[in-house]
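Student: Give me coordinates for this.
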Amino acid sequence: MSLNQIFDIAGSGMSAQSIRLNTTSSNIANAETASSSTDEVYRARKPIFQAIHQDMMGGGERGPFGFSEGELESKGVSVQGIVESDAELQMRYQPEHPLANEEGYVFYPNVNVVEEMADMMSASRSFQTNVEVMNTAKSMMQRIMTLGQ
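Tutor: Numbers count the residues shown, from 1 in each chain. Take a look at the predicted model:
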């Protein structure tokens, strides 16, 4: 793995965490939206991540970094899609609510705000970690350039 690949890997991680932050903030923003039916109510959304791999180009029994030939090396992360949660919706009895159905129930999203805040903090810290990785790699490259002087 070269230092240039580190920027690609960290960049893909930052992009993935940015999408995670966006879906989490959307979930929090819609946590208290009411609806009169289960078909119209907002459902929590979660991104699905997948590691991007590449075949290692190793020579002999062991390639660089101790991997066997044919093993996969991580090349980053990609977002495969965003799925809606299938958790149970909240149904509250509020007959005075303008969106109440015939039985007096109002439907609310299946968003747990505490869980979403923890997810947001985790995504933010992961983003910050990738920024630190990029800064460290940049610093290493700058030091390498000064070796010949």
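
Student: Look up which helix or strand the closest residue to M14 other than its chain neighbours falls in, please.
Tutor: For M14, ignoring the flanking residues on the chain, the nearest one in space by C-beta to C-beta, 6 or more residues apart in numbering is N130 at 4.7 Å. The C-beta positions use only the backbone N, C-alpha and C, and glycine is treated the same way. Using DSSP states H and E, N130 falls within helix 113-146.

Student: now the helices for this structure?
Tutor: Assigned by DSSP state H, the chain shows helices spanning 3-29, 113-146.

Student: Let me have those in a markdown table, adding distance to S35 as columns.
Tutor: Formatted as a markdown table, the helices of the chain follow (distance: least, C-beta to C-beta, whole Å):
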| stretch | distance to S35 |
| --- | --- |
| helix 3-29 | 15 |
| helix 113-146 | 18 |
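
Student: Check those for me and report the most buried one.
Tutor: Ranked by mean neighbour count under mean count of other C-beta atoms under 10 Å, the helices of the chain are led by helix 3-29, which reaches a mean of 17.

Student: Now do that helix against helix 113-146, angle only.
Tutor: Between helix 3-29 and helix 113-146, the angle comes out at 160 degrees (axes from the mean of the first three to the mean of the last three C-alpha atoms, to 10 degrees).
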